[in-house]
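Asks: sequence unknown, structure follows:
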């Protein structure tokens, strides 16, 4: 039971810290009025994604003894670690309920968009995770780089700041502003997180359909590439792991 | 002959032996050269077909490539050349209890293991009782396997493997687990599988179980399939080769002389010689006469000394120690230099390697003057004898008279 407790406690603590620092101290204005609900909706999504990615990366190496001795579709090891992250995510969604209550927001039909958003996150983390899991067999420091990479990625995803902030802060800053915009717009997780914020903060359908469409294509592509890379690299797994 | 369910055609497998290994991204970015490695062909151009219902054994020395070949068949390794085609559902057991989770109970691990081997939950449930009974774990099946003894652990692993229902079972050296009774039940179970027409591919060092289980056999030698054929012929050829190699090694050992440095009070053993029917030798037949000559030197005449010779098996286990005590040499002074001989009218030892430990000691105190451990190895052949084991014992069989008469009538 403690395991489930941690699943809830971790995002809860980070949400409190972020909303205190950004909402109270730095006086960032969060659309929808509630810093806590805004941050929590993005944070849960992000935690799902980063956890899935990190766990998938080490999925083959961590089960080395199994890979060396038992022939079965090893890709299941990576898939199951993403599913484990999904289960954690589903549990952590319970956290949304009291906070939405406090923010006096209801839940309506737009909640039906959640499966799509989850599917995109799932596919994206699995696709990248497959490449990283296979690569990690040959290059063992990849898992450290993934930890570092997800940390950076977190900050170029509008989780703890609203996208509008970037748009106003950087408009008219020329090259620098364009670069900042480009990084955030190219990031497929941006549109997923924005979608979650639409559903849970504003109780409305995701607004950025173009961006979300891009994310869908991106994640489908990542699955395709991930499976291909995995299939190629798995030939020498049992020797190298 | 029925169709082959496992076809191994010209299969080769290469491993990389790294000298300098770039296992991290950092290293491979910084290193000027790419990781240097040598290629090593663990399996070279092996072709074997296994027809449906046949049991194929794979034998060979350590490092001969038999496990590598088996892993290729199991699909864990991918061969670099050649093709392997498998028809039917294949289950492999390369290590007992591979994939057990220590925190799960025995029962949960049965489900986990079955799932890994691709079996539906329903099916595992149906054979659960059989597995538990086979493993003799009725009391413990709901405890975490980390609390199991190693024997319980291996019994459970094996019980799962032999109670699965694959078309083809690939097994690596796992029969050598558990006690005698359990091993016997495993063999029985495997024979049942064979009777049901399952195909078996089986790697083992235990030539007796290969002979008991397999129809045909492949002898792997340095990656090559040196011989393929009926199990008796291949095992016999393999054994002959092993014996030949051991003899070659023996010849090298033989040339090394015994340690002639002085012991207590300057007593030395200058030579230990084995004499067979035809003079000095290292190879004998069971029943041959054997003389062991111990040449010694001492600064003073040896008084109250005991000589003893111990015969040892190749693994170091003593068979018999023969001291000179019976001679009552008590006060007899032996000359400063001489040869003591021990004669055996007929060597009772059966096929194998033996050594001797030679000792000169003082009867009064029991302290040795000089002791040579495990010297003068010799080989005994017993091709003419039907008995097996370590040594011949006098024996006589009696058959029941009634049966003999009945046979005559």
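Replies: Thanks, I have the structure now. Small disclaimer: the values here were computed from a predicted structure and weren't measured.

Asks: tell me the mean pLDDT for stretch A:85-100?
Replies: For stretch A:85-100, the mean pLDDT works out to 88.

Asks: oh sorry, the question was meant for stretch A:231-241
Replies: 90.

Asks: swap in stretch B:191-209?
Replies: pLDDT averaged over stretch B:191-209 gives 86.

Asks: end-to-end on that stretch?
Replies: 11 Å (C-alpha to C-alpha, to the nearest Å).

Asks: can it be found next to chain A?
Replies: No. Counting by C-beta under 8 Å from any C-beta of the partner chain, no contacts exist between stretch B:191-209 and chain A, the nearest distance being 13.1 Å. For every residue, glycine as well, the C-beta is placed using N, CA and C.

Asks: flag every buried residue along that stretch.
Replies: B:193, B:194, B:198, B:199, B:200, B:201, B:202, B:203, B:204, B:207, B:209 (16 or more other C-beta atoms under 10 Å in any protein chain shown).

Asks: what does chain A put close to chain B?
Replies: So chain A meets chain B at A:65-72, A:138-142, A:145, A:235-236, A:238-239 (C-beta under 8 Å from any C-beta).

Asks: contact partners for residue B:98?
Replies: Going by C-beta atoms under 8 Å, 6 or more residues apart in numbering or on different chains, residue B:98 touches A:65, A:66, A:69, A:70, B:157.

Asks: how about 7 Å then?
Replies: A:65, A:66, A:69, A:70 (C-beta atoms under 7 Å, 6 or more residues apart in numbering or on different chains).

Asks: can you get me a residue count around the first one?
Replies: If I follow you right, that is residue A:65. Residues lying near residue A:65 (other C-beta atoms under 10 Å in any protein chain shown) number 13.

Asks: do residue B:158 as well
Replies: Neighbours of residue B:158 using other C-beta under 10 Å come to 26.

Asks: Three-state assignment for the closest residue to it other than its chain neighbours, please.
Replies: Distances taken as C-beta to C-beta, 6 or more residues apart in numbering or on different chains place residue B:96 nearest to residue B:158, at 5.6 Å, with adjacent residues excluded. Secondary structure for residue B:96, judged by DSSP: H, G, I helix; E, B strand; the rest coil, is coil.

Asks: swap in residue B:372?
Replies: Residue B:372 ends up strand, using three-state DSSP.

Asks: wait, a helix at residue A:236?
Replies: Yes. Assessed with three-state DSSP, residue A:236 lies in a helix.

Asks: list phi and psi for the residue in the stretch 51-200 of chain B that chain A sits nearest to.
Replies: Relative to chain A, the nearest point of the stretch 51-200 of chain B is residue B:98 (3.7 Å; C-beta to the nearest C-beta). Per-residue torsions, residue B:98: phi -60, psi 130 (degrees, to the nearest 10).

Asks: am I right that residue B:346 is in a strand?
Replies: No. Applying three-state DSSP, one finds residue B:346 to be coil, outside a strand.

Asks: is it true that it touches residue B:287?
Replies: Yes. Using C-beta atoms under 7 Å, residue B:346 is in contact with residue B:287, at 4.7 Å.

Asks: please say which of these two ends up with more neighbours.
Replies: It is residue B:287, of residue B:346 and residue B:287, that has more neighbours when counted by other C-beta under 10 Å, with 16 against 11.

Asks: make sure the more buried one is actually in contact with residue B:347.
Replies: Yes. Residue B:287 lies in contact with residue B:347 (C-beta under 7 Å); the separation is 6.5 Å.

Asks: let me see the contact set for residue A:74.
Replies: If you count contacts by C-beta under 7 Å, 6+ apart, then residue A:74 has A:60, A:67, A:234, A:237 around it.

Asks: residue B:372 too?
Replies: Here residue B:372 is in contact with B:258, B:259, B:269, B:272, B:357, B:358 (criterion: C-beta under 7 Å, 6+ apart).

Asks: again, only using 8 Å
Replies: Contacts of residue B:372 (C-beta under 8 Å, 6+ apart): B:258, B:259, B:269, B:272, B:357, B:358, B:359.

Asks: tell me which of these is nearest to chain A?
Replies: residue B:357 (43.0 Å).

Asks: the helix or strand harbouring residue A:126: which residues count as buried?
Replies: Following DSSP states H and E, one finds residue A:126 within helix A:114-138. Buried residues in helix A:114-138, counted by 16+ other C-beta under 10 Å: A:114, A:117-118, A:120-138.

Asks: which strands and helices sit next to it?
Replies: Packing partners of helix A:114-138 (3 or more C-beta pairs under 8 Å, 6 or more residues apart in numbering or on different chains; DSSP states H and E): helix A:35-57, helix A:59-62, helix A:75-92, helix A:142-155, helix A:188-202, helix A:209-233, helix A:237-240.

Asks: in a markdown table: those helices, plus mean neighbour count.
Replies: Output for those, formatted as a markdown table (neighbours: other C-beta atoms under 10 Å in any protein chain shown):
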| stretch | mean neighbour count |
| --- | --- |
| helix A:35-57 | 25 |
| helix A:59-62 | 22 |
| helix A:75-92 | 19 |
| helix A:142-155 | 15 |
| helix A:188-202 | 24 |
| helix A:209-233 | 16 |
| helix A:237-240 | 20 |
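
Asks: so who does the residue in the stretch 201-350 of chain B that chain A sits nearest to touch?
Replies: In the stretch 201-350 of chain B, the residue that lies nearest chain A is residue B:201 (13.1 Å; C-beta to the nearest C-beta). Counting by C-beta under 8 Å, 6+ apart, residue B:201 makes contact with B:6, B:50, B:55, B:56, B:58, B:70, B:73, B:168, B:169, B:170, B:171.

Asks: and it, what are its phi and psi?
Replies: Torsion angles, degrees, to the nearest 10, at residue B:201: phi -120, psi 130.

Asks: likewise residue B:114?
Replies: phi -60, psi -40.

Asks: nearest residue to it other than its sequence neighbours?
Replies: Per C-beta to C-beta, 6+ apart, closest to residue B:114 is residue B:124, 4.0 Å.

Asks: what's the host helix or strand of the one you found packed up against?
Replies: Element membership for residue B:124, per DSSP H and E: helix B:121-135. If you count contacts as 3+ C-beta pairs under 8 Å, 6+ apart, helix B:121-135 packs onto helix B:106-116, helix B:150-163.

Asks: most packed of these?
Replies: Counting by mean count of other C-beta atoms under 10 Å in any protein chain shown, helix B:150-163 has the highest mean neighbour count of the helices and strands packed on helix B:121-135, with a mean of 22.

Asks: what does chain B have sitting close to chain A?
Replies: B:15-16, B:23-26, B:28, B:71, B:74-78, B:92, B:94-95, B:98-99, B:116-118.

Asks: make it 6 Å
Replies: When proximity is defined by C-beta under 6 Å from any C-beta of the partner chain, chain B lies next to chain A at B:23-26, B:74-78, B:92, B:94-95, B:98-99, B:116.

Asks: my guess is residue B:356 contacts residue B:377. True?
Replies: No. With contact defined as C-beta atoms under 6 Å, residue B:356 does not count as touching residue B:377 (8.6 Å).

Asks: common neighbours of these two, please.
Replies: Counting by C-beta atoms under 6 Å, 6 or more residues apart in numbering or on different chains, no residue touches both residue B:356 and residue B:377.

Asks: can you map out the strands along the stretch 301-409 of chain B?
Replies: B:302-303, B:305-313, B:318-323, B:333-334, B:337-344, B:352-362, B:368-381 (DSSP state E, counting those that start in this stretch).

Asks: of these, give the one that comes closest to residue B:105.
Replies: strand B:305-313 (44.1 Å; C-beta to C-beta).

Asks: strands paired with the closest one, and their directions?
Replies: strand B:318-323 (antiparallel), strand B:352-362 (antiparallel) (DSSP bridges).

Asks: could you list the buried residues of it?
Replies: Applying 16+ other C-beta under 10 Å to strand B:305-313 flags B:305, B:306, B:307, B:308, B:309, B:310, B:311, B:312 as buried.
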